[in-house]
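**Student:** Sequence and predicted model, in that order:
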Amino acid sequence: MRKSRVTNVNDLPTGIVNITGTATQNQTLTATNTLADIDGLGTLNYQWQESSDNGVTWTDISGATNNTFALSQAQVGKKVQVKVSYTDGLGTQEIVNSSPTSVVTNVNDAPTGTVNITGTPEQNQTLTATNTLFGYSLTLRESNIAAVLLKNLVLR
């Protein structure tokens, strides 16, 4: 009887990587999985990725290497997925990607900045409002002075 040596081959992982949470700015996504590997499941590494071309290409998000990820303004209008990688018990690098999220939606961000009013609030003096971030209008005695771009008001 002849003896033959059996060579082990890599067994692909089974199971899936799933993302839970809502694809909306300021929400946190969580990666869960049902992964198994006959060759041994190593330590899982996470890398969140974003795509601005509907999932054709994916770019790693710098620093996003935990099983949770907080969506920011940078992901608005993009899809997000998580790549889970590990080295199995036989030394083979394995990678399993989640399905992508829907396109991340925006939330209405509160405005930032201030409006500065300079001048003396007296008759025949000019008040000037300055800022570069948003438009404004002035109200005098409960009547709105309708001019979004109005910057100067002469008091009479």
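**Tutor:** Nice, thanks for sending it over.
**Student:** low-scoring stretches of this protein, by residue?
**Tutor:** Applying pLDDT under 70 to the chain picks out residues 132-156.
**Student:** can you give me the strands in it?
**Tutor:** Remark: strands assigned in the chain by DSSP state E are 17-20, 28-33, 45-51, 59-60, 68-70, 79-87, 93-97, 116-118, 126-130, 138-140, 143-145, 152-154.
**Student:** Serialize these to a markdown table and add fields for distance to residue 104 and mean neighbour count.
**Tutor:** Every residue, glycine included, has its C-beta placed from N, CA and C. Converted to a markdown table, the strands of the chain look like this (distance: least, Cβ to Cβ, whole Å; neighbours: other Cβ atoms under 10 Å):
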| stretch | distance to residue 104 | mean neighbour count |
| --- | --- | --- |
| strand 17-20 | 12 | 16 |
| strand 28-33 | 9 | 17 |
| strand 45-51 | 8 | 19 |
| strand 59-60 | 14 | 11 |
| strand 68-70 | 11 | 18 |
| strand 79-87 | 6 | 20 |
| strand 93-97 | 17 | 15 |
| strand 116-118 | 35 | 10 |
| strand 126-130 | 35 | 13 |
| strand 138-140 | 38 | 11 |
| strand 143-145 | 37 | 9 |
| strand 152-154 | 41 | 13 |
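**Student:** Let me have the ones you listed in JSON lines, extended by distance to residue 6.
**Tutor:** Shown next, in JSON lines, are the strands of the chain (distance: least, Cβ to Cβ, whole Å):
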{"stretch": "strand 17-20", "distance to residue 6": "31"}
{"stretch": "strand 28-33", "distance to residue 6": "30"}
{"stretch": "strand 45-51", "distance to residue 6": "31"}
{"stretch": "strand 59-60", "distance to residue 6": "39"}
{"stretch": "strand 68-70", "distance to residue 6": "42"}
{"stretch": "strand 79-87", "distance to residue 6": "22"}
{"stretch": "strand 93-97", "distance to residue 6": "22"}
{"stretch": "strand 116-118", "distance to residue 6": "80"}
{"stretch": "strand 126-130", "distance to residue 6": "80"}
{"stretch": "strand 138-140", "distance to residue 6": "86"}
{"stretch": "strand 143-145", "distance to residue 6": "86"}
{"stretch": "strand 152-154", "distance to residue 6": "88"}
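**Student:** No more questions from me, cheers.
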